[in-house]
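1. return atomic coordinates for the entry below.
(chains A and B)
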Amino acid sequence: GAVVSQHPSWVICKSGTSVKIECRSLDFQATTMFWYRQFPKQSLMLMATSNEGSKATYEQGVEKDKFLINHASLTLSTLTVTSAHPEDSSFYICSAAGGKDTQYFGPGTRLTVL
Amino acid sequence: KQEVTQIPAALSVPEGENLVLNCSFTDSAIYNLQWFRQDPGKGLTSLLLIQSSQREQTSGRLNASLDKSSGRSTLYIAASQPGDSATYLCAVRGNTPLVFGKGTRLSVIA
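-> Now for the predicted structure:
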């Protein structure tokens, strides 16, 4: 089956610093990748849709200047949380579209901002 | 805007019981519905995917049904085991990426 990886699996950073999270589709090409955020005991909320070679589409309420998304190749998308604050602490999960009907999910990245 | 609701939010059952998790969605114009399992602090494991034209899917002790017109799906778990303890998420795919419910936290007590 299709495999999606994320790196790092967890990260702790100081308030005000920036953190980059990578999402890779290991055995298939993904023209579209999605970034979700999950707060404790909450559901996954879509943050943005990333298409290879074009600008990401952000969901309402998600600051595009704070959450920078780059999808430079068919197998890699990155999410950079800029000037992170404690309220950005969350579980970030990416998924890659393997076709019209299927999204394959990464294992997630736990971000803790001190 | 699609909204997905899961009931109950939490469920605790003794080992061996059969149980049903419920999922409802507001917009019936979907391509498919998917059930996932999420262990604490972990990513998602896809359990079952039901296309909009299908009524149910089965995998081992799991059976998922879909009633698209009424906006409902159920996940049936037979002969529950302690290893089934996890959060179960329902998600629907329409003209947007997957929209998730908040999940049902299941605890199976040995």
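2. from here on, contacts and neighbour counts on C-alpha atoms
-> Noted.
3. which helices and strands sit right next to the helix or strand of chain A with the lowest mean pLDDT?
-> For chain A, using mean pLDDT, DSSP states H and E, the weakest element among its helices and strands is strand A:103-105, scoring a mean of 88. Strand A:103-105 makes packing contacts with strand A:90-97 when contacts are defined by 3 or more C-alpha pairs under 8 Å, 6 or more residues apart in numbering or on different chains; DSSP states H and E.
4. re earlier: which outside residues touch the least confident helix or strand of chain A?
-> Where contact means C-alpha atoms under 8 Å, 6 or more residues apart in numbering or on different chains, the residues beyond strand A:103-105 that reach it are A:2, A:3, A:4, A:93, A:94, A:95, A:96, A:97, A:98, B:43, B:44.
5. kindly recompute the last result at 7 Å.
-> Outside strand A:103-105, the residues within contact range by C-alpha atoms under 7 Å, 6 or more residues apart in numbering or on different chains are A:2, A:4, A:94, A:95, A:96, A:97, A:98, B:44.
6. just flag the most distant two among those.
-> The largest distance within the contacts of strand A:103-105, taken as C-alpha to C-alpha, falls between A:98 and B:44 and amounts to 15.8 Å.
7. give me the more crowded residue out of the two.
-> Neighbours were tallied for residue A:98 and for residue B:44 using other C-alpha atoms under 10 Å in any protein chain shown; the higher tally belongs to residue B:44 (20 against 17).
8. ok, for that one, nearest residue in space, not its chain neighbours?
-> Distances taken as C-alpha to C-alpha, 6 or more residues apart in numbering or on different chains place residue B:38 nearest to residue B:44, at 4.9 Å, with adjacent residues excluded.
9. who's that neighbour bridged to?
-> When bridges are taken as DSSP bridges, the partners of residue B:38 come out as residue B:44, residue B:87.
10. my guess is it meets residue B:87, correct?
-> Yes - here residue B:38 lies in contact with residue B:87, judged by C-alpha atoms under 7 Å, at a distance of 5.1 Å.
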